[in-house]
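*Asks:* with the input below, show me the fold.
(one chain, ligands or ions: 1)
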Amino acid sequence: MSEQTTSFINEVNRRRTFAIISHPDAGKTTLTEKFLLYGGAIRLAGSVKSRRSQKHAVSDWMEIEKQRGISVTSSVLQFDYSGYCINILDTPGHQDFSEDTYRTLMAADSAVMVIDCAKGVEDQTKKLFHVCKMRGIPIFTFINKMDRMGKDPFELMEEVESVLGIRSYPVNWPIGAGRDFKGVYNRQKKQIELFKDSNHGQSQGNVISGDINDPKFNELLGETLHSQLLSDIELLDMAGDEFDMEKILSGELTPTFFGSALTNFGVEPFLESFLEMTTPPTPRQSSNGLIDPKTDNFTGFIFKIQANMDPTHRDRIAFLRICSGKFEKGMSVNHVQVNKKVRLAQPQQFMAQDRVIVDEAYPGDIIGIHDPGIFRIGDTLCADNSKTKYEGIPLFAPEHFAKIFAKNSLKRKQFQKGITQLAEEGSIQVFRRPNIGIEELIVGVVGSLQFEVLEYRLKNEYGVDVIMERTPYRYIRWVEMEAFNPSKFSVTMDTMIVEDEDSHPVLLFQNEWSINMVKERNETAVLKEISFRK
Ligand code: G4P
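*Replies:* Model (predicted):
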């Protein structure tokens, strides 16, 4: 094996590419910040704050525009920790929750699910979890805010199972809770790990560890906590699930950790176990079968397109997930979907807090490439002539729908162009009502802020004022059936039949009751929550 190949394989093996999924306020930003702190990428916790304050400030697109520099760089963070090269993919939440949040998960090899110990499994976590589950990627759970009183740990495990349908394997177990949260019992190392002062979470803090039966712990913890811990562990060992790596890697069992991102308690043991258990990039399905990341042939796919910061140029940045082979700056690759060569001249990478031009990158890495308007989400780039195409990125269910018109009908052309380009970027989905005689456009978005963004960008980038009428539809289903005929398809009064951009039949519903009725009335139809673009 040549030296070059050995170093390439080492680079692939040390990559860990994951997303952190959670409901707003569960502690995703704080945990990310602590990972960076341990990786030495930032010296003092609190530096990622700009992202946090930005999160609350993005009430309109003007604000987002100003903040774009930050939001682009924070789309993915790369840093080294203990020999690993970590890529954390940002999954925007709060008001900027959008289809991009789901799409980002398509580029991750695993996910960390952060749950607030007092709130349990919340809405946005559920939605993001289902996408991870669909992909069958490993999901690691971090139960956060243990320094506050929350639900009982056994109760939380039950909730994860009943709400998300996945069983848990606690890798560590909390000792005490709230003010009495003293540390964890590490079930793999079979040792107690007590946390010492971390300068209120600003620095890494120390750990006192040792055997569970060491008498010093009876003293350090007190009789009550120590005996509670012994009986909890006995119960887990007897009645809990066994550690099963295969189930973990296929996303059927979630290794669970307890800690407090704020005080750093349990963060480093979590990071270490997680990095050890989760895998480097694994082979991905393509039109040419499974592609091994360690093959020479460079391949990757685009999972996100972001408008560039300069509104006078329509340039965009396409985010590419490298799946195999080594990337080198300036290389020419095939853009498989349009069968053209493109040169990747100014590839960018996103280090802890900066954007830099990257000379080389490896499977698992994300690079930003300049897009003069030629890429679509889901496109594959491939160095050789094999025409390898990765499975497309699905269309995820929008939850808000509005009818949209140009105020001035003379601006129709610009209006169409703007709508088409924004749909290509993936910030909106566009639907039409077939057979009603007039052209009526309906746009669907995952997060309602996207409507404001749409209105603002159509005005500022395309010079078109629009009228938007919100509709009461909340649910979408793509219809799969042979020979769909809208006049023969039986729907409830409050359901609308539309077509997506591929003229695929789609139903918009106001409530779940109607979805069930339509299913009952049209037994041969399959209604899907996620679809693939043709
Ligand atoms: P998010 O990215 O998931 O939305 O959550 P983020 O990290 O911003 O945390 C949300 C709030 O929860 C923050 O408080 C943060 O300090 C707090 N928090 C995060 N982890 C822990 C933890 O382990 N324990 C406790 N007690 N709190 C935690 P905030 O008041 O909204 O912001 P700030 O004023 O502290 O910045």
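*Asks:* which stretches of the protein have low pLDDT?
*Replies:* Applying pLDDT under 70 to the chain flags the ranges 1-4, 41-74, 95-96, 197-206, 308-315, 349-355, 437-438, 534.
*Asks:* can you tell me which residues in it are near the ligand?
*Replies:* 22, 24-30, 52, 93, 144-145, 147-148, 260-262 (Cβ under 6 Å from any ligand atom). Using the backbone N, CA and C atoms, a C-beta is placed for each residue, glycine as well.
*Asks:* at 5 Å what do you get?
*Replies:* 22, 24-30, 52, 144-145, 147-148, 260-262 (Cβ under 5 Å from any ligand atom).
*Asks:* by neighbours, which of these wins?
*Replies:* Asn144 (29 neighbours; other Cβ atoms under 10 Å).
*Asks:* relative to Ile497, how far out is that one?
*Replies:* Distance of Asn144 to Ile497, computed by Cβ to Cβ, to the nearest Å: 44 Å.
*Asks:* which pair of the residues of the chain next to the ligand spans the longest distance?
*Replies:* By the measure Cβ to Cβ, Pro24 and Asp147 form the most distant pair in the residues of the chain next to the ligand, at 19.4 Å.
*Asks:* restricted to strands, list the residues of the chain next to the ligand.
*Replies:* Ser22, Asn144 (DSSP state E).
*Asks:* and which of the residues of the chain next to the ligand is nearest to Asp384?
*Replies:* Taking the residues of the chain next to the ligand together and measuring to Asp384 by Cβ to Cβ, the closest member is Lys28, at 38.4 Å.
*Asks:* what sits against the closest one?
*Replies:* By Cβ atoms under 8 Å, 6 or more residues apart in numbering, the contact list for Lys28 reads Ile20, Ile21, Ser22, Thr91, Gly93, Val114.
*Asks:* highest neighbour count among those?
*Replies:* Neighbour-wise, the contacts of Lys28 (other Cβ under 10 Å) top out at Ile21, 28 neighbours.
*Asks:* verify the stated contact: it with Lys126.
*Replies:* No - using Cβ atoms under 8 Å as the test, Ile21 is too far from Lys126 to be in contact (9.8 Å).
*Asks:* and the residue of the chain positioned farthest from its centre, how far is that from Leu221?
*Replies:* Going by Cα atoms, centre = their mean, the residue of the chain most distant from its centre is Pro215, 44.5 Å out. Noted for Pro215: a distance of 11 Å to Leu221, by Cβ to Cβ.
*Asks:* which residue is the nearest non-sequential neighbour of the most centrally placed residue in the chain?
*Replies:* Nearest to the geometric centre of the chain sits Leu105, at 3.7 Å (Cα atoms, centre = their mean). Nearest residue to Leu105 in three dimensions, chain neighbours excluded: Val131, at 4.8 Å (Cβ to Cβ, 6 or more residues apart in numbering).
*Asks:* just give the nearest non-adjacent residue to Val430, would you?
*Replies:* Closest residue to Val430 apart from its sequence neighbours, by Cβ to Cβ, 6+ apart: Ala423 at 5.0 Å.
*Asks:* ranges for the helices of this protein?
*Replies:* Using DSSP state H, the helices found in the chain span residues 3-13, 28-38, 49-57, 61-73, 99-104, 123-135, 153-159, 215-221, 223-239, 245-249, 267-277, 412-425, 449-462, 512-521.
*Asks:* stretch 518-529 spans what distance, first to last residue?
*Replies:* One end of stretch 518-529 to the other measures 14 Å (Cα to Cα, to the nearest Å).
*Asks:* ok, stretch 515-533 next?
*Replies:* Start-to-end, stretch 515-533 (Cα to Cα) is 23 Å.
*Asks:* what's next to it, contact-wise?
*Replies:* So stretch 515-533 is contacted by 134, 378, 391-397, 475-482, 484, 489-492, 495, 500-502, 504, 507, 509 (Cβ under 8 Å, 6+ apart).
*Asks:* stretch 170-183 now?
*Replies:* With Cβ under 8 Å, 6+ apart as the test, stretch 170-183 has contacts from 117, 143, 146-150, 153, 157, 184-188, 192-195, 207-208, 220-221, 225, 229, 232-233, 236, 240, 255-260, 265-266, 269-270, 273.
*Asks:* how about stretch 396-410?
*Replies:* Here stretch 396-410 has contacts from 99, 102-103, 131, 412, 414-415, 419, 429, 431, 440-448, 450-451, 454, 464-471, 473-476, 508, 529-530, using Cβ under 8 Å, 6+ apart.
*Asks:* Ala383 and Ser324 touch, don't they?
*Replies:* No - the criterion here is Cβ under 8 Å, and Ala383 misses it with Ser324 at 9.3 Å.
*Asks:* list residues touching both of the two?
*Replies:* Contact criterion Cβ under 8 Å, 6+ apart; residues shared by Ala383 and Ser324: Asn297, Phe298, Thr299.
*Asks:* quick one: which of those has the most company?
*Replies:* Thr299 (30 neighbours).
*Asks:* the spatially closest residue to Val121 that is not a sequence neighbour and the ligand: what is the separation?
*Replies:* Nearest non-adjacent residue to Val121, counting by Cβ to Cβ, 6+ apart: Val163, 4.5 Å away. Plainly put, Val163 is 18 Å away from the ligand if you go by Cβ to the nearest ligand atom, to the nearest Å.
*Asks:* next, count neighbours for Val163.
*Replies:* Counted with other Cβ under 10 Å, Val163 comes out at 14.
*Asks:* and for the one 5 residues further on?
*Replies:* When counting by other Cβ under 10 Å, one arrives at 21 neighbours for Ser168.
*Asks:* pretty sure it contacts Glu161?
*Replies:* Yes - assessed by Cβ under 8 Å, Ser168 is found in contact with Glu161 at 6.9 Å.
*Asks:* still on that earlier bit, buried among the contacts of stretch 515-533? Make that a ChimeraX selection.
*Replies:* Buried residues among these (16 or more other Cβ atoms under 10 Å), as a ChimeraX selection:
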select :378,392,393,394,395,396,397,475,476,477,478,479,484,489,491,492,495,500,504,507,509
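*Asks:* mind listing the residues bridging to Val430?
*Replies:* For Val430, the beta-bridge partners under DSSP bridges are Val443.
*Asks:* tell me the contacts of it?
*Replies:* So Val430 contacts Ile419, Ala423, Leu441, Ile442, Val443, Gly444, Asp500, Glu501 (Cβ under 8 Å, 6+ apart).
*Asks:* can you tell me which of those is nearest Gln346?
*Replies:* Nearest to Gln346 among the contacts of Val430 is Ala423, at 25.8 Å by Cβ to Cβ.
*Asks:* and that closest one, how far from Ser7?
*Replies:* According to Cβ to Cβ, Ala423 and Ser7 sit 42 Å apart.
*Asks:* so for those two, which sits in the more crowded spot?
*Replies:* Taking neighbours as other Cβ under 10 Å, Ala423 and Ser7 compare with Ala423 leading, 16 against 12.
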